[in-house]
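K.L.:
pasting the sequence and the predicted model now:
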Amino acid sequence: MAQETRKLTEKEVNRRDNFEKFKSELEQKGYQCKDILIDTQRAQRSGVLILVMLPFMALIFWIYNHVNGFDLDCLSWEFGVAAFLLIPCLAVAHELIHGITWGIFAKTHWRSIDFGMIWSSFSPYCTCSKPLKKWQYLLGTAMPTLVLGGGLGAAAVISNQLLLFLLAEYMILSGGGDFLIVLKCALYHSDQRETVYRDHPYECGCVVFEK
């Protein structure tokens, strides 16, 4: 797992320690925990992330082609520069949308949200330190792809902008890890009456507490 392949930062160690205290408190109340995690690097190498998002990418492709067709005359070095500059901005926006959505539902709101960067893979991240209901956690997980992938896709179709279409496809693909978590959580069924979802402090996924 992630903790076996990279050294945790000071922030991650602090989040881990706080999580262990939270876990201990709930276990004393009779809760049991279940990890729902993904190995993003393995999923990328195996092509799972592409397979998960391929239907959504194909849908946007079909709609854009059906409505507008593809005019490649707009391709130029300026087009490439614009895409190169916008992608990092959209990556930041992706994490902000995670934080905003989870922050709305979390008990201490924005103070529950933490951002950072995994430098070994140059991957920005957002995590929530407070427990959430299942639907709240899943909505916050899926929201960036819905807004940036679906929203940019709709804008591309309406405006007939190839740049927006390509950015929409990229943001859908980049949400593959999020949707894999959503899929695993959706398939996980608990017979317990009480369930609490909490974002994992340093890995990709969440921990379900149930009793």
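P.N.:
Done, it's in.

K.L.:
make it CA atoms for all contacts and neighbour counts henceforth
P.N.:
Will do.

K.L.:
how about the longest helix seen in the chain: buried residues?
P.N.:
Counting by DSSP state H, the longest helix found in the chain is helix 77-105. Neighbour counts using 16 or more other Cα atoms under 10 Å place 90-91, 94-103, 105 of helix 77-105 among the buried residues.

K.L.:
would you mind writing the CA trace of stretch 40-51 as CSV?
P.N.:
This file holds the C-alpha atoms of stretch 40-51, laid out as CSV (Å, rounded to 0.1, in the frame of the first residue of the first chain):
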residue,chain,number,x,y,z
THR,A,40,-4.0,4.2,-8.0
GLN,A,41,-0.6,3.3,-9.5
ARG,A,42,-1.6,-0.4,-9.9
ALA,A,43,-5.0,0.7,-11.3
GLN,A,44,-3.2,2.9,-13.8
ARG,A,45,-0.8,0.2,-14.9
SER,A,46,-3.6,-2.3,-15.4
GLY,A,47,-5.8,0.1,-17.3
VAL,A,48,-8.6,-0.2,-14.8
LEU,A,49,-9.0,3.6,-14.5
ILE,A,50,-9.5,3.9,-18.3
LEU,A,51,-12.0,1.1,-18.3
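
K.L.:
circling back: quick check, nearest of the buried residues of helix 77-105 to Val182?
P.N.:
For the buried residues of helix 77-105, the closest approach to Val182 (Cα to Cα) belongs to His98, at 13.3 Å.

K.L.:
so which helix or strand takes in the closest residue to that closest one other than its chain neighbours?
P.N.:
Leaving aside its sequence neighbours, His98 sits nearest to Gly140 (Cα to Cα, 6 or more residues apart in numbering; 5.3 Å). For Gly140, the enclosing helix or strand under DSSP states H and E is helix 134-144.

K.L.:
about what we covered before: adjacent strands (with direction) for the helix or strand following the longest helix of the chain?
P.N.:
In the C-terminal direction, the helix or strand that comes right after helix 77-105 (DSSP H and E) is strand 113-118. Here strand 113-118 has these sheet partners by DSSP bridges: strand 123-128 (antiparallel).

K.L.:
how close does the residue of the chain most remote from its centre sit to Leu163?
P.N.:
Relative to the C-alpha centroid of the chain, counting by Cα atoms, centre = their mean, Asp73 is the outermost residue, at 33.7 Å. Distance of Asp73 to Leu163, given as Cα to Cα, to the nearest Å: 12 Å.

K.L.:
returning to what we had before: give me the contact list for the helix holding Gly140.
P.N.:
Here helix 134-144 makes contact (Cα atoms under 8 Å, 6 or more residues apart in numbering) with 93-95, 97-99, 101-102, 105, 175, 178-179, 181-182, 185, 195-199.

K.L.:
tell me the pLDDT at the spatially most central residue of the chain?
P.N.:
The centroid of the chain falls nearest to Asp178 when counting by Cα atoms, centre = their mean (3.5 Å). You'll see Asp178 listed with a pLDDT of 94.

K.L.:
give the contact list for it.
P.N.:
141-142.

K.L.:
so the helix holding Gly140 versus helix 77-105, what angle?
P.N.:
Angle, helix 134-144 to helix 77-105, by axes from the mean of the first three to the mean of the last three Cα atoms, to 10 degrees: 160 degrees.
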